[in-house]
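[1] got a structure for you, letters missing:
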Ligand SMILES: Nc1ncnc2c1ncn2[C@@H]1O[C@H](COP(=O)(O)OP(=O)(O)O)[C@@H](O)[C@H]1O
Ligand SMILES: [Mg+2]
């Protein structure tokens, strides 16, 4: 399945119509409906008040200034002041409210993206860079939030004021109103025309920001190699390139976003000029009073100022739209490893059964071709073969990190796809080739993902470790269970990390234990200890050992050769050696 977020084909296939996309965004903030209604009422009130102002000024001039009734002027000035004060308070309340809504939206948006990431399969992470995902969670959500908390209300407020002013202009004088607004119509057509182009420029700018973040993430994650091989210059150069690209794209997006502003200012000036010229002519002809012209000019400002403001906000809007596109694409992905209904469970003595299984990675490489084999419960199996032969891939299929492209895999006689992730994880202990630990202590790491043991007191845990014969291994850590672990893996050796993942898997008492070259960095004495620990597991436990050191697989009941898309049974250790000697299989 194509999970690549930066590939145009994936994007096109999942492009949601604008309305559906917006609906999804609204569903994320559905808890805020009440607050949004209040904020919108505030906007309406505000726009209404600001539209009433010019009319009152014009009225005062015609009615009281021209007749020199200064008492009336004072009263109207007082009313205006009161109106402006109310508008100020409403404005302030609305801003506070939207700030809160914006932050809460940011909170839920980040949560939904992170939860989606937790849902998605390994395939997704193979196809996307961690840094780009981080950028989506941090930067893109923030762009959407900035628009929501700062610009949206202004945008809508401006829109309402503008519409109101436009209607009043037409009511006061239809021909003059139409003439005054004609520059805006041309602007509108122009804006619509260039919008897609501006949106693309914003997309490119956000994408380059994602690349920059991926670049940083990669060099930080591999800093050990970077330093050891003195690759600093190389990474510096790559970073400079990504940074330069991002700079260029951001400048381009910035220009595209702001290019409208001068046009809007110009249109506004032209509009006012038209009104002034025609208006004075109207007054001379006697169609118009001075007060009415002053109201009219005020309304022209109330029409063009919000329009100018909207041109500035439009930049934020375009950026938010592009950011939302990137987020909604991620949210639209579904885990393709679906749980299918369980067929009738056949009680079976086999633990794992591959029936005609083929597997191809999304990049097109076929690693297994029509493979069938059977692993009996309670026995020990070894998988050997050349590097890149497909051992880790086979183990990943057994743990359902991927689904077979063709054929079926059975776990305890039931299609492996019918188990919930929880059920499956409780049965299978998988010790990865690259041990992965979490920040905390050795204890935290041992208890990770182990609901049975996490409630145990210190003494009980000690006993559980003793029973599993694991306590001896703890001597390899200075502070035993309390030895601190950092996620970067500093401070302990690779072998020690492998020991921890080994203990973690054993403590969970899995029915099936898979060791993927998991003891490659452990000394021979300790390795013998591990063998004893494995023998101490219940006799029903099935063990799959992937190894390249022959001594590790001596005790296996059956050995499989994994190579060139095939998995061939080779009998016991001595039989396998025999096959190898006679060149029947390659290792
Ligand atoms: N995530 C992946 N995406 C694409 N190809 C992969 C991936 N992982 C492994 N491969 C390819 O599949 C083949 C088998 O890899 P693997 O199962 O890791 O081999 P082994 O564990 O036997 O050394 C290799 O040629 C490798 O290039
Ligand atoms: Mg491997």
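    Now that the structure is in, tell me what you want to look at. All figures in this text were calculated on a predicted structure; none of them were measured in a lab. Ligands and ions are numbered 1, 2, ... in the order given.

[2] Show me the shaky parts of the stretch 51-200 of the chain.
    Residue ranges of the stretch 51-200 of the chain with pLDDT under 70: none are present.

[3] so what are the domain limits for this structure?
    Following automatic domain parsing, the chain resolves into domains at 16-332, 350-581.

[4] How about the residues of this structure by ligand 2?
    The chain has residues 391, 392 near ligand 2, with proximity defined as CB under 5 Å from the ion. (Glycine included, C-beta is placed from N, CA and C.)

[5] Give me the residue ranges of the chain where confidence is low.
    For the chain, the stretches with pLDDT under 70 are 8-19, 21-22, 344-347, 487-490, 549-550, 583-587.

[6] Just the element for whichever residue of it sits closest to ligand 2, please.
    The chain approaches ligand 2 most closely through residue 392 (3.2 Å), counting by CB to the ion. Using DSSP states H and E, residue 392 sits in helix 391-398.

[7] Quick one: list the elements packing against that helix.
    Applying 3 or more CB pairs under 8 Å, 6 or more residues apart in numbering; DSSP states H and E, one finds that helix 391-398 contacts strand 350-360, strand 366-376, strand 380-384, strand 406-411, strand 428-431, strand 512-516, strand 542-546.

[8] what's next to it, contact-wise?
    Helix 391-398 is contacted by residues 122, 352, 354, 357, 359, 361, 367-368, 371, 383-385, 402-404, 409, 411, 416, 428, 430, 433, 512, 514, 516-517, 544, 546, 562, 567 when judged by CB atoms under 8 Å, 6 or more residues apart in numbering.

[9] Buried among those residues? Make that a PyMOL selection.
    In PyMOL syntax, the buried subset of the contacts of helix 391-398 is picked out as below (16 or more other CB atoms under 10 Å):
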select buried, resi 352+354+357+359+367+368+371+383+384+385+402+403+404+409+411+416+428+430+512+514+516+517+544+546+562+567
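
[10] before we move on, the earlier item: want to throw the helices and strands packed on helix 391-398 into a markdown table with distance to residue 286?
    Shown next, in a markdown table, are the helices and strands packed on helix 391-398 (distance: least, CB to CB, whole Å):
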| stretch | distance to residue 286 |
| --- | --- |
| strand 350-360 | 86 |
| strand 366-376 | 90 |
| strand 380-384 | 101 |
| strand 406-411 | 89 |
| strand 428-431 | 92 |
| strand 512-516 | 95 |
| strand 542-546 | 99 |
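
[11] I'd like those laid out as TSV, including distance to ligand 1.
    Putting those into TSV (distance: least, CB to the nearest ligand atom, whole Å) gives the following:
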stretch	distance to ligand 1
strand 350-360	9
strand 366-376	4
strand 380-384	8
strand 406-411	15
strand 428-431	13
strand 512-516	7
strand 542-546	7
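
[12] Quick one: closest of the ones you listed to residue 154.
    strand 350-360 (52.3 Å; CB to CB).

[13] so the closest one versus strand 366-376, what angle?
    Relative orientation of strand 350-360 versus strand 366-376 (axes from the mean of the first three to the mean of the last three CA atoms, to 10 degrees): 170 degrees.

[14] Parallel or antiparallel, list what pairs with strand 350-360.
    Counting by DSSP bridges, the strands paired with strand 350-360 are strand 366-376 (antiparallel), strand 406-411 (antiparallel).

[15] Mind checking these for the one nearest to residue 522?
    Going by CB to CB, the one of the strands paired with strand 350-360 nearest residue 522 is strand 366-376, 24.3 Å.

[16] ok, the closest residue to residue 554 other than its chain neighbours - how many residues close by?
    Of all residues not flanking residue 554 in the chain, residue 573 sits nearest, at 5.3 Å (CB to CB, 6 or more residues apart in numbering). Neighbourhood size, residue 573 [other CB atoms under 10 Å]: 18.

[17] Output the set of residues of this structure in proximity to ligand 1.
    By CB under 6 Å from any ligand atom, the residues of the chain that approach ligand 1 are 126, 361, 363, 365, 367, 385, 387-393.

[18] Which among those count as buried?
    Looks like the residues of the chain next to ligand 1 have 367, 385, 389, 390, 391, 392, 393 buried, using 16+ other CB under 10 Å.

[19] and the strands paired with strand 350-360 as CSV, adding distance to residue 78?
    As requested, these are exported to CSV (distance: least, CB to CB, whole Å):
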stretch, distance to residue 78
strand 366-376, 83
strand 406-411, 82
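
[20] okay, how far is it across stretch 25-44, tip to tip?
    23 Å (CA to CA, to the nearest Å).

[21] Buried ones in it, by neighbour count?
    Residues 25, 28, 29, 32, 36, 39, 42, 43 are the ones in stretch 25-44 that count as buried (16+ other CB under 10 Å).

[22] If I follow the layout properly, the third one ends up in contact with residue 103?
    No: using CB atoms under 8 Å, residue 29 is not in contact with residue 103; the gap is 11.3 Å.

[23] Which helix runs longest in the chain?
    helix 70-119 (DSSP state H).

[24] my read: residue 412 touches residue 351, true?
    Yes: the pair residue 412 / residue 351 is scored as a contact, 6.4 Å apart, by CB under 8 Å.

[25] Could you tell me which residues touch both of the two?
    residue 511.

[26] who's more crowded, those two?
    Taking other CB under 10 Å, residue 412 and residue 351 do not tie; residue 351 has more neighbours (26 against 20).

[27] How about residues contacting stretch 155-169?
    Residues external to stretch 155-169 that are found in contact with it (CB under 8 Å, 6+ apart): 40, 43-44, 46-48, 50-51, 55, 176-177, 180-181, 296, 299-300, 302-303, 306-307, 309-310, 313, 317.

[28] So which of those are in helices?
    Reading helices off these with DSSP H, I get 40, 43-44, 46-48, 50-51, 55, 176-177, 180-181, 296, 299-300, 302-303, 306-307, 309-310, 313, 317.

[29] And the buried ones among these, selectable in ChimeraX?
    The ChimeraX command for the buried members of the ones in helices among the contacts of stretch 155-169 (criterion: 16+ other CB under 10 Å) is given here:
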select :43,46,47,50,51,55,176,177,180,181,296,299,300,302,303,306,307,309,310,313,317
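
[30] Can you give me the separation between the residue in the stretch 101-250 of the chain that ligand 1 sits nearest to and residue 402?
    Going by CB to the nearest ligand atom, ligand 1 is nearest to residue 126 of the stretch 101-250 of the chain, at 4.5 Å. Residue 126 is 9 Å from residue 402, where distance means CB to CB, to the nearest Å.

[31] out of everything not next to it in sequence, what's closest to residue 195?
    residue 318 (7.4 Å).

[32] who touches the one you found in this structure?
    Counted by CB under 8 Å, 6+ apart, residue 318 has contacts 195, 198, 199, 202, 256, 257.

[33] just residue 141 next, same as before
    Residues in contact with residue 141 (CB under 8 Å, 6+ apart) are 106, 109, 110, 113, 323, 327.

[34] make it 6 Å
    By CB atoms under 6 Å, 6 or more residues apart in numbering, the contact list for residue 141 reads 106, 109, 110.

[35] now do residue 417
    residue 340.

[36] correct me, but residue 404 touches residue 357?
    Yes: under the criterion of CB atoms under 6 Å, residue 404 makes contact with residue 357 at 4.6 Å.

[37] quick one: residue 288 is in a helix?
    No: assignment of residue 288 by DSSP: H, G, I helix; E, B strand; the rest coil gives coil, placing it outside any helix.

[38] mind checking how far it is from residue 163?
    24 Å.

[39] higher neighbour count, the two?
    Neighbour tally, residue 288 and residue 163, criterion other CB under 10 Å: the higher count belongs to residue 288, 19 against 14.
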